[in-house]
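Peer 1: Return a 3D structure for these sequence lines:
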Amino acid sequence: MLDAARSYREEAVRGATPVGLVVILYQEVLRSLLRAQHALEQGKIELRTLELSHAIEVIGHLQGILDFEKSGGVAKNLSRFYDLARAKILEANILSSREILNWLSREFSAHIEAWQTVDRAVTSQQAEVEAKAIAEAKAAAARAPVPAPVRPLRPKQNLPHPVRTRR
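Peer 2: As a prediction, this is how the structure comes out:
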């Protein structure tokens, strides 16, 4: 079962848009938070700590790929959110707090929905641009003059073989 789930996730990554990759990373954080909640309920401290550490690593990656030059205020807001999320994860681990883990899960779920909306919009725009380009290319091809048929060249007689050289 785990191999099938892993294969599915790997295939999703291969076919994802750049925004879709962000969605996948957010889903990975949420999955780790939910596993940590389950470990907390079962009293499995080591598993909870591993899952929360994984969530922190993924959040660190998300923060590391922010482009402050291109996205300005959005990147700053996301960076602050990531700082807060990492601090809250540490606090939840230290205090064994279900409430904090629930809050984090809700926040990441909301962010996932927002990023999915962005991904659908970007994908839709790309599809429209591609469809328009294809239509324009077809229209240009229809307007282009049809070239005259090309007659095949007949080989001339008495030419030296191209591989042989004369001395």
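Peer 1: mind listing what's buried in the helix or strand Arg48 falls within?
Peer 2: Element membership of Arg48, judged by DSSP states H and E, is helix 45-64. In terms of neighbour count (16 or more other Cβ atoms under 10 Å), helix 45-64 has its buried residues at 48, 51-52, 54-56, 58-59, 62-63. Every residue, glycine included, has its C-beta placed from N, CA and C.
Peer 1: can I get those in CSV with distance to Val74?
Peer 2: As requested, the buried residues of helix 45-64 are exported to CSV (distance: Cβ to Cβ, whole Å):
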residue, distance to Val74
Arg48, 32
Glu51, 28
Leu52, 26
His54, 25
Ala55, 22
Ile56, 22
Val58, 19
Ile59, 16
Leu62, 13
Gln63, 13
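Peer 1: Nearest to Ala133 among those residues?
Peer 2: Leu62 (32.3 Å; Cβ to Cβ).
Peer 1: which secondary structure element contains the spatially most central residue of the chain?
Peer 2: Residue closest to the average C-alpha location in the chain (Cα atoms, centre = their mean): Leu21, at 1.6 Å. Assigned by DSSP H and E, Leu21 belongs to helix 18-42.
Peer 1: name the helices or strands packed onto that helix?
Peer 2: The contact analysis (3 or more Cβ pairs under 8 Å, 6 or more residues apart in numbering; DSSP states H and E) places helix 18-42 against helix 2-15, helix 45-64, helix 73-95, helix 98-143.
Peer 1: Point out the other helices and strands that the last one packs with.
Peer 2: In this case it means helix 98-143. Against helix 98-143 (3+ Cβ pairs under 8 Å, 6+ apart) you get helix 18-42, helix 73-95.
Peer 1: out of those helices, which comes closest to Asp67?
Peer 2: Asp67 lies closest, by Cβ to Cβ, to one member of these: helix 73-95, at 6.1 Å.
Peer 1: now the closest one against helix 18-42, angle please.
Peer 2: Here the directions of helix 73-95 and helix 18-42 differ by 10 degrees (axes from the mean of the first three to the mean of the last three Cα atoms, to 10 degrees).
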